[in-house]
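Colleague: Pasting the sequence and the predicted coordinates here, then a few questions.
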Amino acid sequence: LVEVDLSACGLLDDGVRWVAMGLAGNDRVEALDLGDNGLTDVGVGYLTVVLTAKGRRALAEPHLYPFALKRLILSGNGITSNGLELFASAAAACKLAKIEVSGCRINDQACHALARCLMDSYALQVLDLSSNMITADGLWVLAAPLRINNVLQVLLVNDRVGRRALGP
């Protein structure tokens with residue numbers, strides 16, 4: 001089993017806790033879709049703990065503890081900037097190649113943590129932040145590490161949600 005699609009299953013944070021525990025013992029899953037599950041910062045915290053531990057263990061002894069997860073989809077959940085700030089450190093530690101957090105409740109506050117992640121990550125190729133509440137200030141923060149990081153190929157940031165909130 002290398003791809004797990006649990007999108008729109010109504011897992012909520014407690015269900016994601018069980019998924020995280022299962023992920024802790026699995027070194028083969030390459031893609032995990034947890035989109036549209038009512039996930040909040042609490043659920044992201046469960047994932048962060050597991051992914052950070054697995055990532056550090058894989059860095060220390062990659063031949064004994066391979067880490068296969070490369071794509072994580074968390075779109076359409078209630079994740080805020082606080083949750084994404086916690087998760088950014090795990091993303092760099094476990095060398096994710098694709099992170100999708102579109103349609104969440106992320107604002108400029110998370111851009112500082114994501115900028116640090118982009119400075120430290122040489123694996124992240126796609127970062128989807130579309131349909132969040134990121135302004136031009138947040139974009140400037142994200143732009144700075146792009147001078148150094150030459151691995152990121154796609155950065156999706158649009159303001160469809162912001163436009164709806166502000167009017168046409």
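Modeller: That came through, no problem.

Colleague: okay, now residue 33: neighbour count?
Modeller: By other C-beta atoms under 10 Å, the residues close to residue 33 number 19. (C-beta placed from N, C-alpha, C; glycine too.)

Colleague: Quick one, grab the pLDDT at it.
Modeller: Note on residue 33: pLDDT of 98.

Colleague: Bridged to it, which residues?
Modeller: Taking DSSP bridges as the rule, residue 33 bridges to residue 5, residue 73.

Colleague: my guess is it contacts residue 11, does it?
Modeller: No - with contact defined as C-beta atoms under 8 Å, residue 33 does not count as touching residue 11 (11.1 Å).

Colleague: isn't residue 36 right up against residue 77?
Modeller: Yes - judged on C-beta under 8 Å, residue 36 makes contact with residue 77 at a distance of 6.9 Å.

Colleague: more neighbours, the two?
Modeller: residue 77 (27 against 18).

Colleague: residues contacting residue 145?
Modeller: 115-116, 118-119 (C-beta atoms under 8 Å, 6 or more residues apart in numbering).

Colleague: Helix, strand, or coil at it?
Modeller: Following DSSP: H, G, I helix; E, B strand; the rest coil, residue 145 is assigned to helix.

Colleague: what's the spacing between the closest residue in space to residue 158 that isn't next to it in sequence and residue 100?
Modeller: Nearest-residue entry for residue 158: residue 130, 4.8 Å, with adjacent residues in sequence omitted and distances by C-beta to C-beta, 6 or more residues apart in numbering. Plainly put, residue 130 is 9 Å away from residue 100 if you go by C-beta to C-beta, to the nearest Å.

Colleague: So for these two, which sits in the more crowded spot?
Modeller: Ranked by neighbour count (other C-beta under 10 Å), residue 130 and residue 100 place residue 100 first, with 21 against 18.

Colleague: Below-threshold pLDDT in this protein: ranges please.
Modeller: Scanning the chain for pLDDT under 70 picks out 159-168.
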